[in-house]
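Visitor: can you look at this prediction? I've put the sequence above it.
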Amino acid sequence: MIVVMQRDSTQAHLEGVKGRIEGHGLKAQVSEGVERTVVGVLGQTYRELKDELELLPGVSEVVLISKPYKLSSREFKPEDTIVKVGDISIGGDEVVVMAGPCAVESEKQMLTTAWEVKKAGAHILRGGAFKPRSSPYSFRGMGVQGLQLLAKAREETGLPVITEVMSTEDVGMVAQYADILQIGSRNAQNFNLLDAVGKVRKPVMVKRGFAASYEEWLLAAEYVLSGGNSQVILCERGIRTFETATRFTLDLAAIPMIKNLSHLPIISDPSHSTGKTNLVPPMVLASVAAGAHGLIVEVHPDPATAMCDGAQALTFEIFNQTMGQLNDVAAALGRGRVKVAV
Ligand code: PEP
Ligand code: MN
């Protein structure tokens with residue numbers, strides 16, 4: 001349930017409402033919107049509580065939220081959430097592009113890629129230091145050395161970095177290096193990890209579990225939000241279907257659907273969803289046309305020798321061309337151009 005405060009309510013009214021909620025052993029989470037201030041009531045609520053809270057001074061109404069996810073729902077927060085990373089805004093009109101290799105492999109690979117994606121107009125650098133691999137014999141990432149190389153690439157190019165955190169114990173360390181923490185598809189229901197990133201005060205991108213419904217995905221985001229971290233980005237990265245020609249199936253309808261259900265920014269990953277280089281550019285364009293707030297794309301200096309996911313990586317040349325086309329689609333939709341001068 002959410003408590004909607006009156007427009008002219010005071011701080012004392014708000015404290016009174018929070019106190020009453022907490023007095024019942026429940027959690028109160030305040031969201032100060034442009035239009036109104038609302039207080040989310042988290043925990044096992046009950047019908048009589050609605051009447052009780054509605055009588056408190058400063059309260060306009062108490063609304064029951066039918067969905068199991070509360071803080072991530074549009075009902076809780078009607079206006080779009082904008083996640084800020086430095087001066088980059090994710091969740092607004094501008095299409096924000098995150099690009100880089102699947103995995104950090106070497107200093108040369110990381111720095112070359114960082115400069116090239118920046119030149120092509122990318123806003124944020126990606127690179128995995130901790131890699132979830134289906135086989136324990138595959139390359140599992142450079143670990144902390146990889147984080148250091150990401151930090152070096154940020155220092156040189158000015159691009160903020162996004163990287164995956166796989167375990168609860170690593171959250172503090174990864175948060176020291178990353179500008180955005182990524183929760184991978186395979187960890188999208190690792191509830192302890194979601195709790196842990198909820199305590200961090202840095203943006204978190206929650207990828208969709210490849211077998212997760214919208215509800216399960218939004219509940220994953222709810223873990224992070226209910227931990228007190230409001231800077232959550234969602235990422236559609238494809239789901240498992242009966243089709244085997246593509247790696248996963250990119251669920252494009254998720255983009256407008258999630259925008260209906262939630263106020264959180266939604267970006268698209270055309271790389272992991274298709275698994276094939278030639279399918280990535282058209283899915284980049286389709287994602288923007290469907291309304292994605294941004295993209296995360298794998299780019300490698302030499303996909304043929306990539307230590308991870310080479311088959312879906314774009315070369316610098318194809319990435320650059322794709323960014324040009326992306327600009328045209330964004331412009332046709334009246335959205336900001338992404339190409340930046342270096
Ligand atoms: C990734 O982005 O590096 C990744 C492993 O993606 P996913 O979790 O979506 O498979
Ligand atoms: Mn990858």
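Guide: Arrived safely, thanks for sending. Numbers count the residues shown, from 1 in each chain. Ligands and ions are numbered 1, 2, ... in the order given.
Visitor: now do residue 6 against residue 53, distance only.
Guide: 13 Å (Cβ to Cβ, to the nearest Å). Every residue, glycine included, has its C-beta placed from N, CA and C.
Visitor: just to be sure, residue 244 is in a helix?
Guide: No. Counting by DSSP: H, G, I helix; E, B strand; the rest coil, residue 244 is not found in a helix; it is coil.
Visitor: phi, psi of it?
Guide: When read as degrees, to the nearest 10, the backbone of residue 244 gives phi -110, psi -10.
Visitor: need the residues of the stretch 1-150 of the chain near ligand 2, please.
Guide: Counting by Cβ under 5 Å from the ion, the stretch 1-150 of the chain comes close to ligand 2 at residue 102.
Visitor: got the residues of the stretch 1-150 of the chain near ligand 1?
Guide: Residues of the stretch 1-150 of the chain that fall close to ligand 1, judged by Cβ under 6 Å from any ligand atom: 102, 128, 132.
Visitor: quick check: the second one touching residue 102?
Guide: Yes. Checked against Cβ atoms under 8 Å, the pair residue 128 and residue 102 is within contact range at 5.9 Å.
Visitor: more crowded one of those two?
Guide: residue 128 (28 against 24; other Cβ atoms under 10 Å).
Visitor: in space, what's closest to that one - neighbours in sequence excluded?
Guide: Leaving aside its chain neighbours, residue 128 sits nearest to residue 103 (4.6 Å; criterion: Cβ to Cβ, 6 or more residues apart in numbering).
Visitor: in stretch 230-248, which residues are buried?
Guide: Neighbour counts over stretch 230-248 (16 or more other Cβ atoms under 10 Å) mark 230, 231, 232, 233, 234, 235, 236, 237, 238, 239, 247, 248 as buried.
Visitor: next, the distance between the ends of that stretch.
Guide: End-to-end distance for stretch 230-248, by Cα to Cα, to the nearest Å: 29 Å.
Visitor: anything in it near ligand 1?
Guide: Yes. Judged by Cβ under 6 Å from any ligand atom, stretch 230-248 and ligand 1 are in contact via residue 237.
Visitor: for the helix or strand containing residue 98, which helices and strands make contact with it?
Guide: Assigned by DSSP states H and E, residue 98 belongs to strand 96-100. Judged by 3 or more Cβ pairs under 8 Å, 6 or more residues apart in numbering; DSSP states H and E, strand 96-100 is in contact with strand 88-90, helix 107-120, strand 124-126, strand 294-298, helix 316-332.
Visitor: residues of the helix or strand containing residue 61 that come out buried?
Guide: Using DSSP H and E, residue 61 sits in strand 59-63. Neighbour-count burial for strand 59-63 flags 59, 60, 62 (criterion: 16+ other Cβ under 10 Å).
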